[in-house]
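Participant: Okay, here's the prediction I keep looking at, along with the sequence it came from:
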Amino acid sequence: MVKRHRGRNIALIIAALVILGVVLWRWHPWGSPGGAASAGDASGARAGRAGRGAAMGNMPQPVHVAAATQGEMPVVLTALGTVTPLANVTVLPQLSGVLQDVYFKEGQMVRKGDVLAQIDPRPYQISLDNAQGTLARDEALLQTARLDLKRYQTLLSQDSIASQQVDTQASLVRQYEGTVKSDKANIDTYKLDLVYARITAPVSGRVGLRQVDPGNYVTPSLTNGIVVITQLQPISVIFTTSEDNLQQIIQQTQSGAKLSVTAYDRSNTTSLEGGMLETLDNQIDTTTGTVKLRAIFQNSKNLLFPNQFVNARLLVDTIKDAVIVPTPAVLNGSMGPFVYVVKADNTVTVRPVKLGPVDGERTSIKSGLAVGERVVIDGSDRLKEGAKITIPADKPRGASGASGARGAAAASGASGAHAHHGKHAAQASQ
């Protein structure tokens with residue numbers, strides 16, 4: 001009896017819970033029309049954000065522009081060259097002897113004729129004195145022979161001696177004349193030896209490291225010489241250019257034009273010295289298809305050093321009235337080089353161009369662009385055909401600093417909110 005009563009109570013409790021659940025489900029917000037409205041609001045927010053992104057994509061892009069100008073454009077050939085001295089002389093002694101003194105300092109500049117070293121002159125001075133004594137003796141013998149010849153000729157005219165004796169005396173006079181002439185030549189030789197004992201600079205230039213110390217016995221066959229002198233002023237640069245450029249260079253030189261050459265450092269950024277083209281080699285190197293050229297530089301500041309690598313810029317010609325734009329304006333695509341031309345309605349159009357010579361920051365345009373047309377020089381990576389642009393100088397300046405700051409802050413905040421939302425959405429999708 002008690003068990004049946006307890007089972008009836010449990011059934012009543014379960015029925016009451018079911019009725020309560022039905023009531024709660026019916027009156028809860030997710031089951032009402034309000035829930036649908038909330039879902040619609042979320043969908044509208046997403047659509048609004050997409051619309052704002054599309055609107056920002058269609059906004060004018062800020063760029064910098066420049067107008068194509070007309071001017072002179074140099075035609076320059078650039079090549080790697082080597083500084084080569086016009087004279088590089090190894091100073092050798094011209095006679096043998098003990099090196100007595102050295103009068104130069106390593107690395108100093110010397111002039112042609114300056115005394116560099118002294119070989120002991122005493123042996124050569126003794127030889128000179130001996131030769132001069134021999135000459136004096138032989139001249140005395142010659143004088144005596146000539147007097148005897150005159151006497152013999154007088155006696156022959158009186159028919160007092162035989163003619164053979166006169167002929168013999170005349171031959172002796174000629175013999176002494178030859179001896180005296182030889183003695184004088186020996187004297188000149190020993191005098192020249194004394195000159196050679198003083199070693200002088202054969203050219204003007206800078207002396208290198210000393211190869212022989214004083215006290216050593218030197219000979220003309222000395223391997224490394226006493227010192228090497230390198231001429232620095234003027235100096236030359238030898239560089240090469242392609243045989244394709246040879247025709248225009250020859251045309252300029254044959255017309256009498258003096259072609260200027262500028263030497264730049266190895267990084268091709270700093271100008272070292274300006275000079276002139278001196279000559280071309282007489283043949284083309286068949287292995288490389290290039291020809292050598294020599295340019296002469298005064299090297300007044302000694303910035304060009306022998307065997308230094310430099311970049312030589314040869315000015316071949318100058319184009320008059322060329323259309324010139326800043327080099328950053330020229331872009332390259334599948335159709336070749338092109339520029340973005342700014343139209344009157346502040347939109348851009350892609351314009352293929354044909355390029356001419358380039359001079360660092362300037363590029364000449366052979367065709368495709370007219371003088372005065374504006375081209376984009378910065379910000380072109382955000383552009384496409386027909387894109388709208390805005391130039392910073394063209395922006396309205398009426399807004400106050402406070403309102404501008406508030407606008408910038410609002411834009412920054414909105415951008416940050418969108419980025420934050422996108423980040424979380426990406427994380428949720430992962």
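Facilitator: That came through, no problem.
Participant: so how far is Asn282 from Lys150?
Facilitator: Per Cβ to Cβ, to the nearest Å, Lys150 is found 67 Å from Asn282. No exception for glycine: its C-beta is placed from N, CA and C like everyone else's.
Participant: let me redo that: Val310
Facilitator: Note on Val310: its distance to Asn282, by Cβ to Cβ, is 24 Å.
Participant: Check Ser160 and give its pLDDT.
Facilitator: For Ser160, the pLDDT comes out at 82.
Participant: Out of the helices and strands in the chain, which is least certain?
Facilitator: Ranked by mean pLDDT, DSSP states H and E, the weakest helix or strand in the chain is helix 401-429, scoring a mean of 36.
Participant: hang on, the earlier thing: and Lys150 and Asn282? Which one has more around it.
Facilitator: Using other Cβ atoms under 10 Å as the criterion, Lys150 and Asn282 rank with Lys150 on top: 11 against 7.
Participant: looking at this, the more buried one is in a strand?
Facilitator: No: counting by DSSP: H, G, I helix; E, B strand; the rest coil, Lys150 is located in no strand; its state is helix.
Participant: Now the phi/psi pair for Lys384, please.
Facilitator: The phi/psi pair for Lys384 (degrees, to the nearest 10) reads phi -150, psi 180.
Participant: neighbours around it, how many?
Facilitator: Per other Cβ under 10 Å, the neighbour tally for Lys384 reads 10.
Participant: if I look at it, how far off is Val350?
Facilitator: Separation of Lys384 from Val350 (Cβ to Cβ): 8 Å.
Participant: Surely Val375 touches Lys343?
Facilitator: No: Val375 lies out of contact with Lys343 (Cβ atoms under 8 Å); the separation is 11.4 Å.
Participant: These two: which is more packed in?
Facilitator: Between Val375 and Lys343, Val375 has the larger neighbour count (other Cβ under 10 Å), namely 25 against 12.
Participant: And the pLDDT for that one?
Facilitator: The model's pLDDT for Val375 equals 96.
Participant: did I read that right, it in a strand?
Facilitator: Yes: according to three-state DSSP, Val375 belongs to a strand.
Participant: Beta-bridge partners for it, please?
Facilitator: Beta bridges link Val375 to Ala66, Val341, judged by DSSP bridges.
Participant: and it, what does it touch?
Facilitator: Applying Cβ atoms under 8 Å, 6 or more residues apart in numbering to Val375 gives the contacts Val65, Ala66, Ala67, Ala68, Val325, Ala329, Val339, Tyr340, Val341, Val342, Leu369.
Participant: which one of the residues you listed has the most neighbours?
Facilitator: Among the contacts of Val375, Val339 has the most neighbours (other Cβ under 10 Å), with 26 neighbours.
Participant: per-residue pLDDT, Ala257?
Facilitator: Ala257 carries a pLDDT value of 88.
Participant: and what of Leu20?
Facilitator: We have a pLDDT of 72 for Leu20.
Participant: ok, now the one 4 residues further on?
Facilitator: Predicted confidence (pLDDT) at Leu24: the value is 63.
Participant: Okay, now the unreliable bits of the stretch 301-430 of the chain?
Facilitator: 393-430 (pLDDT under 70).
Participant: and if we set it to 90?
Facilitator: Counting by pLDDT under 90, the low-confidence segments of the stretch 301-430 of the chain come to 334-335, 358-361, 380-382, 391-430.
Participant: Nearest spatial neighbour of Asn299, chain-adjacent residues omitted?
Facilitator: Leaving aside its sequence neighbours, Asn299 sits nearest to Ile235 (Cβ to Cβ, 6 or more residues apart in numbering; 4.6 Å).
Participant: Confirm for me that that neighbour is in contact with Val83.
Facilitator: Yes: between Ile235 and Val83 there is a contact under Cβ under 8 Å: 6.2 Å.
Participant: higher neighbour count, these two?
Facilitator: Ile235 (27 against 23).
Participant: And the helix or strand encompassing Thr279, how far out from the chain middle?
Facilitator: Taking DSSP states H and E as the definition, one finds Thr279 inside strand 271-280. Distance of strand 271-280 from its chain centroid, counting by Cα atoms, centre = their mean, to the nearest Å, is 13 Å.
Participant: That one pairs with which strands, and in what direction?
Facilitator: Strand 271-280 pairs in its sheet with strand 260-264 (antiparallel), strand 290-297 (antiparallel), by DSSP bridges.
Participant: can you give me the helices in the stretch 151-300 of the chain?
Facilitator: Here the stretch 151-300 of the chain has its helices, by DSSP state H, counting those that start in this stretch, at 163-197, 246-254.
Participant: Strand 271-280 and the shortest one, what's the angle between them?
Facilitator: Read it as helix 246-254. Here helix 246-254 runs at an angle of 90 degrees relative to strand 271-280 (axes from the mean of the first three to the mean of the last three Cα atoms, to 10 degrees).
Participant: what does helix 246-254 contact?
Facilitator: The contact list for helix 246-254, computed with Cβ under 8 Å, 6+ apart, reads Val75, Leu77, Thr241, Leu259, Leu277, Leu280, Ile284, Val291, Leu293, Leu314, Val316, Asp317.
Participant: Name the residues of stretch 181-189 that come out as buried.
Facilitator: For stretch 181-189, the neighbour count (16 or more other Cβ atoms under 10 Å) marks Asp183, Asn186, Ile187 as buried.
Participant: who wins for neighbours among the contacts of helix 246-254?
Facilitator: Highest count within the contacts of helix 246-254 by other Cβ under 10 Å belongs to Leu293, 26 neighbours.
Participant: my guess is that one meets Thr279, correct?
Facilitator: Yes: between Leu293 and Thr279 there is a contact under Cβ under 8 Å: 7.3 Å.
Participant: returning to that earlier point: shared neighbours of Ile235 and Val83, anything?
Facilitator: The contact sets of Ile235 and Val83 overlap at Leu304, Pro306 (Cβ under 8 Å, 6+ apart).
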